[in-house]
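[1] return a 3D structure for these sequence lines:
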Amino acid sequence: MSALPDMPNILCVGRVYCDVIFTDLPRMPTAGTEVYSGGVGLHAGGGAAITAGHLSAMGHCTALAAQLPSGALGDVVTTELEAAGVDLRLCGTQDARCDPQLTVALVHNEERAFVTHRQGRVFPSFNTEDIDQMQIGHIHIGEATTLIENPELVRIAKDTEATVSLDCSWDDHIRSEEIASLLPEIDVFLPNAAEIELLRKLGVPEPFSKLTVIKQGRRGATAVIEGREIHAPAFPADVIDTTGAGDAFNAAFLSAWLANEPIGDCLESGNAKGASAVASRGGLGGLPV
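    Numbering: from 1, shown residues only. Below is the predicted model of the structure:
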């Protein structure tokens with residue numbers, strides 16, 4: 001049963017990384033130069049994991065399907081996710097002989113850059129019986145590439161009558177023909193403004209999905225539904241690290257949406273959570289322990 005009355009259990013699916021986050025940089029590094037950060041930390045990373053952690057901390061019964069890093073990096077990730085209360089029964093562990101799934105994040109003021117290594121399967125196999133047994137009512141997919149590689153996720157959701165949300169997540173390798181046929185099957189699509197421009201450049205037809213929510217940073221967020229736009233301004237924020245802020249937004253927006261709150265209120269909830277998330281380092285850094 002869900003931890004919140006009358007709310008569905010949620011499954012988040014996507015790649016999990018150990019994030020190495022450098023903050024308080026005097027500038028972004030350039031070729032042949034070196035900079036020194038004011039802070040550094042190791043944290044659980046990947047959109048699915050961060051959204052799952054925030055949903056769980058908000059009181060939702062939330063599970064994650066992913067391959068977790070092995071060894072010491074896996075300990076970092078697992079500790080943070082378990083502290084947030086995320087159910088890891090559908091997770092596996094990467095082969096210790098493989099290079100780790102790792103992201104290095106560089107944060108200078110509100111500017112950020114990432115270098116990421118990914119390999120292998122996104123998550124261990126699961127089926128409709130697993131989803132039924134766990135009473136999952138909503139599936140959130142952490143990045144478009146995971147959906148492209150695993151389109152059966154939409155079928156599983158339909159077979160179990162679960163709703164589906166999708167974050168886009170930047171990927172230079174996305175192709176229009178790969179994503180265009182999948183987006184109309186999504187109930188809530190949650191890209192940021194840069195990702196929307198990428199999809200438009202690729203020629204992906206609009207409307208992208210039944211409900212598209214565009215995260216716009218300091219400009220707030222805009223929902224596009226049935227040909228109309230609904231906008232909510234951002235909340236003031238003291239920015240330390242913007243890593244995972246969009247994933248935190250996803251959690252609060254989906255929490256409100258699943259409770260059938262008006263779209264404007266869902267946007268405000270997402271903006272508020274995003275503003276609080278940037279005040280700490282790491283996608284789950286601001287959650288209570």
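
[2] now do the contacts for D167.
    47, 51, 140-144, 190-191, 246-247, 250 (CB atoms under 8 Å, 6 or more residues apart in numbering). Bear in mind the C-beta positions are built from the backbone N, C-alpha and C, glycine included.

[3] center of this structure - which residue?
    Centroid-nearest residue in the chain: G47, 2.6 Å away (criterion: CA atoms, centre = their mean).

[4] what about the nearest residue to that residue once chain neighbours are set aside, distance to N260?
    Distances taken as CB to CB, 6 or more residues apart in numbering place G142 nearest to G47, at 3.5 Å, with adjacent residues excluded. With distances taken as CB to CB, to the nearest Å, G142 is found 24 Å from N260.

[5] so the two - more neighbours on which side?
    Legend: neighbour count by other CB atoms under 10 Å for G142 and N260, higher for G142 (30 against 8).

[6] just checking, the more buried one touches G14?
    Yes. G142 lies in contact with G14 (CB atoms under 8 Å); the separation is 2.5 Å.

[7] show me the common contact partners of the two, please.
    By CB under 8 Å, 6+ apart, G142 and G14 have these common neighbours: 46-49.

[8] with secondary structure added, can I get those residues in TSV?
    Putting the shared contacts of G142 and G14 into TSV (DSSP: H, G, I helix; E, B strand; the rest coil) gives the following:
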residue	secondary structure
G46	coil
G47	helix
A48	helix
A49	helix
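
[9] of the residues you listed, closest to T116?
    G46 (9.4 Å; CB to CB).

[10] tell me how far the closest residue to the closest one other than its chain neighbours lies from A66.
    What sits nearest to G46 in space, not counting adjacent residues and going by CB to CB, 6+ apart, is V16, at 4.3 Å. Distance, V16 to A66, by CB to CB: 4 Å.

[11] okay, and the common contacts of these two?
    46, 48-49, 91.

[12] dump the residues you listed into a markdown table; add neighbour count as well.
    Output for the shared contacts of V16 and A66, formatted as a markdown table (neighbours: other CB atoms under 10 Å):
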| residue | neighbour count |
| --- | --- |
| G46 | 31 |
| A48 | 27 |
| A49 | 32 |
| C91 | 20 |
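
[13] got the contact list for the least confident helix or strand in the chain by mean pLDDT?
    None of the helices or strands of the chain scores lower by mean pLDDT, DSSP states H and E than strand 111-117, at a mean of 89. Residues outside strand 111-117 that contact it (CB under 8 Å, 6+ apart): 17, 28, 99-106, 242-243.

[14] take those and keep only those in strands.
    Judged by DSSP state E, the contacts of strand 111-117 include 17, 102-106 as members of strands.

[15] nearest to C61, of those?
    Y17 (24.1 Å).

[16] and A96, what does it touch?
    Contacts of A96 (CB under 8 Å, 6+ apart): 70-71.

[17] pLDDT score for it?
    At A96, the pLDDT value in this model is 87.

[18] could you check how far it is from L73?
    Counting by CB to CB, the gap from A96 to L73 is 11 Å.

[19] in the stretch 1-150 of the chain, where is pLDDT below threshold?
    1-3 (pLDDT under 70).

[20] now the strands for it?
    9-13, 17-23, 39-45, 62-65, 67-68, 92-93, 102-108, 111-117, 136-141 (DSSP state E, counting those that start in this stretch).

[21] let's have those in CSV, adding mean neighbour count.
    Output for the strands of the stretch 1-150 of the chain, formatted as CSV (neighbours: other CB under 10 Å):
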stretch, mean neighbour count
strand 9-13, 28
strand 17-23, 24
strand 39-45, 21
strand 62-65, 28
strand 67-68, 22
strand 92-93, 14
strand 102-108, 20
strand 111-117, 13
strand 136-141, 24
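
[22] could you dump those to JSON lines with distance to K158?
    Conversion of the strands of the stretch 1-150 of the chain to JSON lines gives the following (distance: least, CB to CB, whole Å):
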{"stretch": "strand 9-13", "distance to K158": "14"}
{"stretch": "strand 17-23", "distance to K158": "29"}
{"stretch": "strand 39-45", "distance to K158": "30"}
{"stretch": "strand 62-65", "distance to K158": "17"}
{"stretch": "strand 67-68", "distance to K158": "25"}
{"stretch": "strand 92-93", "distance to K158": "25"}
{"stretch": "strand 102-108", "distance to K158": "32"}
{"stretch": "strand 111-117", "distance to K158": "31"}
{"stretch": "strand 136-141", "distance to K158": "10"}
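
[23] quick one: which of those is nearest G282?
    Nearest to G282, of these and by CB to CB, is strand 39-45 at 3.2 Å.
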